[in-house]
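In: Have a look; sequence and predicted model below, questions after that.
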Amino acid sequence: MAFQTWKTAQLMTFRLWVVVALATVAGAAAGAHPAGLRPADIVLTGGLAGLVTFAGSRSARWTWIVIAGVAAVAPSTALPTACAVAAVIIAVASVVVDNRSPLIGAVVAGLSVQALLRMRPFAFHGAPSLVAAVAMSIVLVSAYLASPERPRRIVRRVALGLGVLVVVALALGVVAGLQARSRIQKAVSQARSGLDATQNGDQAGAMAQLDAADSNFGKVADTVGAWWAQPARLVPIAGQQLAAVKTMADEGHALAHTAATGVATIDYNQLAVHGGTIDLARLRAAEEPLRSAVDAIGHAEHSLDAIETDWLVPPLRDRYSQFENDLTTTLPVAENARDAVAIGPELLGGDGPKHYIVLLGTPSESRPLGGFVGNFAEVTADQGKLTLTRAGRHTDIDDPQNQRGYTLTPGSYLTRFTPYQVTRFFGNVGASPDFKEVANVTGQLYPQAFGDPVDGVFYMDPYSLAALLDLTGSVTLPGTGVTLNSKNAAHELLIDQYQTFDTRPARVDFLDAATRLTFEKFTSGDLPKPARVANVMTPMIEQGHVLAFSPNPDAEALYQRLGLDGSFPPATNADALSVTESNAGANKLDAYMQRSMKYAATFRPDTGEVQSTLTVTLTNSAPADGLPDIVLANIHDRPKGTNEMLLTVYTPLQVTGATTGDGTAAKVGGSDDFGLNSYTIPVDVPPGGAVTLQVAMDGFISPSPDYNLTLIRPPLVNPDDIAVSVTGTGGWKVVGADNMKVDGEVASAAADDVRSQTLTAHLAH
């Protein structure tokens, strides 16, 4: 009988340790990161799960119900929650049948701890850890109190020993952190200085700074990776601090080393345009170092993203976040540089001559894209050498009598060009707000006019031409006494020329000379370092003053990422607004036009319903006389100075009515363009006067707690003033916003002077 009892006890003990072992293994696989070091995390979480499971076999039964109940209501995934529910059922059943078996306690605790280790975030950061700690502590304390004195004495001694070890480990970790702190700050600063020097073409300075950063990052990695600092990696929370520093140091070391190698390999000064030529051999040599740099930045970004920063102390978290933000900002720039260098030799005629057409628009006579295309230039790239092949007026391509018989391929895009008779009057090629369509028409008509192929199309206006003169230097136009530079070129070309030259031939000669001399200087002179070119041209790209298209899909993808592609957004599940205009009077009055717009929208997130009002105020500052007819006259015999225009509103909503400021109904013509609704409204604005239009719209977008509005504006002489306000309806209220400010329950913003911008308001019920 005694033997049988002993055998039963041994079997029970064996089963208990099997449960503990299973709970330990399952806990080790929970994926929690208390220390931030994978081996330590496995040991810590597995050990904790096993300890709590064993404690459950000795704790009071009421603690089984507590830990199981907490685990059951804790937010988690299906399987851990099912384990917790099973633990609750077993715990309650043990009370009902009055079964105090240690094995049952171990099973309940073992199942519960799996859910507690896998809790999802809720309430505030650390809440899951706090809840789990309290629930587990109840079981551990109960087990301790229920144990005999000898095991309790052992527990106290073990706890004291572990406490001493933790204190020593923390002290060593603090020493390592203090040694690394100042050095990692210096390393980050040196790395930034090295990259700045690289962009400025200071190769020697860049090498010195990057080598120093490489050295300091390496020393930080050696310090926090030293054997004597490793015990701190095993301590929860403290280990995450050292893990973050080690990751920053390792990735910074790799980045600085890669950058230093790239700088030593690439002479960035030689990648600039010299005498209208780019050295293709040097360009090709830069591809691999740039590719390595992108890979290193991407790897660093991925590594840093894997670190849980919520437990980091504020100073370290701030530096970590800044480093990660630097990588996030730098990566797309590096990727663009890599892709530009990779495709550059082909675009620059490395495989044969490439012909590029530059359209020069004047927004003083507006078109949906921007402006009437009065001039053009053809630039040929051959083995890296740029040459101005041809410069001319739109009249060189025009076919007013249809004698050349230009044709265009059939397609829906023709609906936007046909009213402008673009096959007869090439200057109207900007009739579409989508530059891909404009480039398509140009690519068809230009070869029919001159026989040359078209390998790419660019659009520029006087503002981007002025920016180009900032890079090339000024040009003096013979016989005019006018010198164009970055300060005066836009004003001269948009306004002054029409007052200076009172005859059309004189203006034609002036514009031809301005175009030809500027591009001759561009294709034969030197350009500044690439960083300087980027700084000057980036605002022009953002505002839509320069656009580019390439039939090469890799180049077009690069243009799109750079914001150069000028594509008009297709149908969207969010709200969108664009108001284009086209000068209907064939004059230059748009240089005197100012548009002010207010867009007030109400949004109901659960249905996606939007009701909005667009108010457009058009102010014409032109006089009724005193300026040449090319500015004031009108082909439709409107009084001089009257700005006759066609406004087109693009929106996913339906226009329900449009009125002028005095309440008169405005004529509205609607169609479907680019997957949006487009409504064209003819408007006459008298000289020195103003007209206000109110356009009411409603419709539905995708239901969402976030209201997104994309604004697309054409590049006009005087940038639009656009004010946006958003409110909720149906019990929904604005609670936050991106790129907007929130005052009460209204989100509002004054839109930036960029071609495309998205504003977001967050709503809650």
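Out: Structure's in. What do you need?
In: Confirm that Y599 sits in a strand.
Out: Yes: counting by DSSP: H, G, I helix; E, B strand; the rest coil, Y599 is part of a strand.
In: Verify the stated contact: it with S612.
Out: Yes: with contact defined as Cβ atoms under 8 Å, Y599 reaches S612; the gap is 6.3 Å. Bear in mind the C-beta positions are built from the backbone N, C-alpha and C, glycine included.
In: number of nearby residues for T472?
Out: By the measure other Cβ atoms under 10 Å, the count of residues near T472 is 22.
In: is it true that it touches K521?
Out: Yes: if you go by Cβ under 8 Å, T472 and K521 touch, sitting 4.5 Å apart.
In: that older thread, which neighbours do Y599 and S612 have in common?
Out: Common contact partners of Y599 and S612 (Cβ atoms under 8 Å, 6 or more residues apart in numbering): none.
In: Output the below-cut-off pLDDT ranges for the stretch 201-350 of the chain.
Out: 201-203, 262-270, 304, 306-317, 320 (pLDDT under 70).
In: Spell out, range by range, the strands that occur in the stretch 501-650 of the chain.
Out: 546-549, 575-583, 593-604, 609-620, 643-651 (DSSP state E, counting those that start in this stretch).
In: Just checking: what are the partner strands of the fourth one?
Out: Which is strand 609-620. Strand pairing for strand 609-620, determined by DSSP bridges: strand 593-604 (antiparallel), strand 690-700 (antiparallel).
In: mind putting these in JSON lines, mean neighbour count and mean pLDDT included?
Out: Shown next, in JSON lines, are these (neighbours: other Cβ atoms under 10 Å; pLDDT from 0 to 100):
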{"stretch": "strand 593-604", "mean neighbour count": "20", "mean pLDDT": "97"}
{"stretch": "strand 690-700", "mean neighbour count": "18", "mean pLDDT": "95"}
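In: Throw those strands into CSV and include distance to G352, thanks.
Out: As requested, these are exported to CSV (distance: least, Cβ to Cβ, whole Å):
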stretch, distance to G352
strand 593-604, 45
strand 690-700, 50
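In: closest one to L547 among these?
Out: strand 593-604 (20.6 Å; Cβ to Cβ).
In: between that closest one and strand 575-583, how big is the angle?
Out: Here the directions of strand 593-604 and strand 575-583 differ by 160 degrees (axes from the mean of the first three to the mean of the last three Cα atoms, to 10 degrees).
In: Now find how far off-centre strand 593-604 is within its chain.
Out: The chain centre lies 25 Å from the centre of strand 593-604; the measure is Cα atoms, centre = their mean, to the nearest Å.
In: before we move on, what about stretch 737-754?
Out: With Cα atoms, centre = their mean, you get 18 Å for stretch 737-754.
In: Quick one: end-to-end distance for that stretch.
Out: End-to-end distance for stretch 737-754, by Cα to Cα, to the nearest Å: 19 Å.
In: Show residues contacting that stretch.
Out: Counting by Cβ under 8 Å, 6+ apart, 542-544, 711, 713, 719-728, 733-736, 757-762 sit against stretch 737-754.
In: are any of the residues you listed buried, and which?
Out: 542-544, 711, 713, 719-720, 722, 724-728, 734, 757, 759-762 (16 or more other Cβ atoms under 10 Å).
In: List the ones among those residues that fall in strands.
Out: 711, 722, 724-728, 734, 757, 759-762 (DSSP state E).
In: Confirm for me that F426 is in contact with Q448.
Out: No: using Cβ under 8 Å as the test, F426 is too far from Q448 to be in contact (10.5 Å).
In: between those two, who's got more neighbours?
Out: Comparing F426 with Q448 by other Cβ under 10 Å, the one with more neighbours is F426, at 25 against 15.
In: contacting residues for the residue lying closest to that one once chain neighbours are set aside?
Out: Leaving aside its chain neighbours, F426 sits nearest to I397 (4.0 Å; criterion: Cβ to Cβ, 6 or more residues apart in numbering). Neighbouring residues of I397 by Cβ under 8 Å, 6+ apart: 376, 426, 445-446, 449.
In: Point out the ones among those that are inside strands.
Out: Reading strands off those with DSSP E, I get F376.
In: which of the contacts of I397 count as buried?
Out: 376, 426, 445-446.
In: Low-confidence ranges, the stretch 401-550 of the chain, go.
Out: In the stretch 401-550 of the chain (pLDDT under 70), the answer is 502.
In: Please, where are all the helices along it?
Out: In the stretch 401-550 of the chain, the helices defined using DSSP state H, counting those that start in this stretch lie at 414-417, 435-450, 462-472, 489-491, 497-500, 504-524, 530-542.
In: Give me the distance from the second one to the chain's centre.
Out: Spelled out, that is helix 435-450. 32 Å.
In: what about the closest residue to S59 other than its chain neighbours, neighbour count?
Out: Counting by Cβ to Cβ, 6+ apart, S59 lies nearest to S142, which is 3.7 Å off, once chain neighbours are set aside. When neighbours are defined as other Cβ under 10 Å, S142 has 22 of them.
In: where's S142 relative to K588, distance?
Out: 89 Å (Cβ to Cβ, to the nearest Å).
In: which residue ranges form the strands in the stretch 301-450 of the chain?
Out: Using DSSP E, counting those that start in this stretch, strands in the stretch 301-450 of the chain cover 354-366, 371-382, 385-393.
In: And the ones you listed: which comes nearest I630?
Out: Across the strands of the stretch 301-450 of the chain, closest to I630 is strand 354-366 (Cβ to Cβ), at 9.4 Å.
In: partner strands of that closest one, parallel or antiparallel?
Out: strand 371-382 (antiparallel), strand 456-460 (parallel).
In: what would those look like in JSON lines with distance to V134?
Out: Shown next, in JSON lines, are these (distance: least, Cβ to Cβ, whole Å):
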{"stretch": "strand 371-382", "distance to V134": "69"}
{"stretch": "strand 456-460", "distance to V134": "65"}
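In: so which of the ones you listed comes closest to A431?
Out: The nearest among the strands paired with strand 354-366, by Cβ to Cβ, is strand 371-382 at 9.9 Å.
In: got the CA positions of that closest one in PDB?
Out: In PDB, the C-alpha atoms belonging to strand 371-382 read as follows (Å, rounded to 0.1, in the frame of the first residue of the first chain):
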ATOM      1  CA  GLY A 371       0.500  78.500 -69.600                       C
ATOM      2  CA  PHE A 372       0.400  79.000 -73.400                       C
ATOM      3  CA  VAL A 373       3.400  77.400 -75.000                       C
ATOM      4  CA  GLY A 374       5.000  80.300 -76.900                       C
ATOM      5  CA  ASN A 375       8.500  78.800 -77.400                       C
ATOM      6  CA  PHE A 376      10.300  75.500 -77.500                       C
ATOM      7  CA  ALA A 377      13.800  74.200 -77.500                       C
ATOM      8  CA  GLU A 378      15.300  70.900 -78.700                       C
ATOM      9  CA  VAL A 379      18.200  69.600 -76.700                       C
ATOM     10  CA  THR A 380      20.300  66.600 -77.900                       C
ATOM     11  CA  ALA A 381      22.300  64.500 -75.600                       C
ATOM     12  CA  ASP A 382      25.100  62.400 -77.100                       C
END
